[in-house]
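Enquirer: Got a predicted model here, sequence first, then my questions.
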Amino acid sequence: MTASGTDLSRTIDAFVGSFNDPDLDRVMSFFAEDARYLPGRGPKLRGLPAIRAAFAPQFADRFGAMTSDVYDRVIDESRGQAAIRWACRLDLTGAQGKRAIPPLRWFARLRYGGRMQWHGLDVFHFDPAGKITGKFTYAAFRLPLWERAR
C-alpha cells in the first residue's frame, strides 16, 4: 500500500473498467492535473485537456466498440508504479462500428470479419493519493499488429 492506503491493483481494475464502460469522465478522474501520457504512437502529452483530447475519438466510437482485457500485471505499491499487458479488441460490426473511421471499418470487415485485436503494455506512475501521473504505452511496431479477435 502507498502512504495514503491506495490499492493500485484495484485502481488499475477500475481504470480499465472505465475504458470498457466506456466513460471518458471517469477515465479522466484517475489522472493527476499535470499527468503525462505517452501514446503508443505520437508525442508525449501533458495535462488533462491534452490527454482528454487524445482519448476522445475512442469514446466517440471512431474505432468501433473498444474493450481491453488485462492479461498480466505487475504492481509496485511502494514505488507507486504498475505495468499491465493487455489486448485491445475492436468490434466494428454493430451500431458503434458504423461510427468508426470508414477506412478502418472497411479494412476490419474485409480482412478480419469486423473484429480484430492488438496487444500492448502500459506502464503507470502514481502519486501518493493514487492519481496517475504518467501513463506510458509501449509497442515494438509502427502500427498495431492486427489479428482476428476471438
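Expert: That came through, no problem.

Enquirer: Could I get the buried residue list for stretch 20-33?
Expert: Buried residues in stretch 20-33, counted by 16 or more other Cβ atoms under 10 Å: 22, 24, 27-28, 30-32. In this view, the C-beta of every residue, glycine as well, is placed from N, C-alpha and C.

Enquirer: Stretch 127-136 now?
Expert: Buried residues in stretch 127-136 (16+ other Cβ under 10 Å): 127, 130-136.

Enquirer: Kindly report the same for stretch 51-64.
Expert: 51-52, 55, 58-59, 61, 63-64.

Enquirer: Now it - C-alpha only, CSV.
Expert: Taking Å, rounded to 0.1, in the frame of the first residue of the first chain, the C-alpha atoms of stretch 51-64 are listed here in CSV:
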residue,chain,number,x,y,z
ILE,A,51,-5.0,13.6,-22.5
ARG,A,52,-8.8,14.0,-22.9
ALA,A,53,-8.4,15.2,-26.5
ALA,A,54,-6.2,12.1,-27.2
PHE,A,55,-8.8,9.7,-25.8
ALA,A,56,-11.9,11.5,-27.1
PRO,A,57,-12.0,9.7,-30.5
GLN,A,58,-12.2,6.2,-29.0
PHE,A,59,-15.1,7.3,-26.7
ALA,A,60,-16.9,8.7,-29.8
ASP,A,61,-16.6,5.2,-31.4
ARG,A,62,-14.2,6.3,-34.1
PHE,A,63,-12.6,2.9,-33.7
GLY,A,64,-15.9,1.0,-33.2
